[in-house]
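>>> Mind looking at a prediction? Sequence and model below.
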Amino acid sequence: MENNFSDLIGKRVKAVFKDGDKNKVVVGILNEATNKYLLIDDAIIGLGDNFIFCVPQEGNNVPRY
């Protein structure tokens with residue numbers, strides 16, 4: 001599974017995924033993006049069947065170190 005999330009590393013993003021029967025939202029800085037998971041701040045979000053989406057948010061001018 002290939003993704004283009006690596007273009008968003010260092011930017012503020014919003015990710016939505018299912019946890020049981022509820023949708024969960026994580027907003028923060030995307031620190032790592034692989035073919036299996038996203039690391040947003042200190043939350044790891046798997047890119048499996050429960051993953052819904054990840055989109056950039058306003059205020060993306062976060063410096064990358």
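Yes, it's here. Just so it is clear, the structure is predicted and the values come from calculations on it, not from any experiment.
>>> which stretches of the chain form strands?
Using DSSP state E, the strands found in the chain span residues 12-19, 22-33, 37-40, 43-46, 51-56.
>>> same for the second one, what does it pack against?
Contact here means 3 or more Cβ pairs under 8 Å, 6 or more residues apart in numbering; DSSP states H and E; on that basis strand 22-33 packs against strand 12-19, strand 37-40, strand 43-46. The way it works is simple: take the backbone N, C-alpha and C, and place the C-beta from them, glycine included.
>>> Now do the residue lying farthest from the centre of the chain against Gly46, distance only.
Computed with Cα atoms, centre = their mean, the maximum C-alpha offset from the centroid of the chain is found at Asp21, amounting to 19.9 Å. Distance of Asp21 to Gly46, computed by Cβ to Cβ, to the nearest Å: 17 Å.
>>> Go through stretch 26-43 and flag the buried ones.
Of all the residues in stretch 26-43, those buried under the rule 16 or more other Cβ atoms under 10 Å are Val26, Ile29, Leu30, Ala33, Tyr37, Leu38, Leu39, Ile40.
>>> Report the two of those residues separated the most.
Greatest spacing in the buried residues of stretch 26-43, by Cβ to Cβ: Ile29 and Tyr37 (15.2 Å).
>>> related to what we said a few turns ago, reformat the helices and strands packed on strand 22-33 as JSON lines; add mean pLDDT and distance to Pro56.
Supplementary listing: the helices and strands packed on strand 22-33 in JSON lines, determined by pLDDT from 0 to 100; distance: least, Cβ to Cβ, whole Å:
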{"stretch": "strand 12-19", "mean pLDDT": "96", "distance to Pro56": "6"}
{"stretch": "strand 37-40", "mean pLDDT": "97", "distance to Pro56": "12"}
{"stretch": "strand 43-46", "mean pLDDT": "96", "distance to Pro56": "15"}
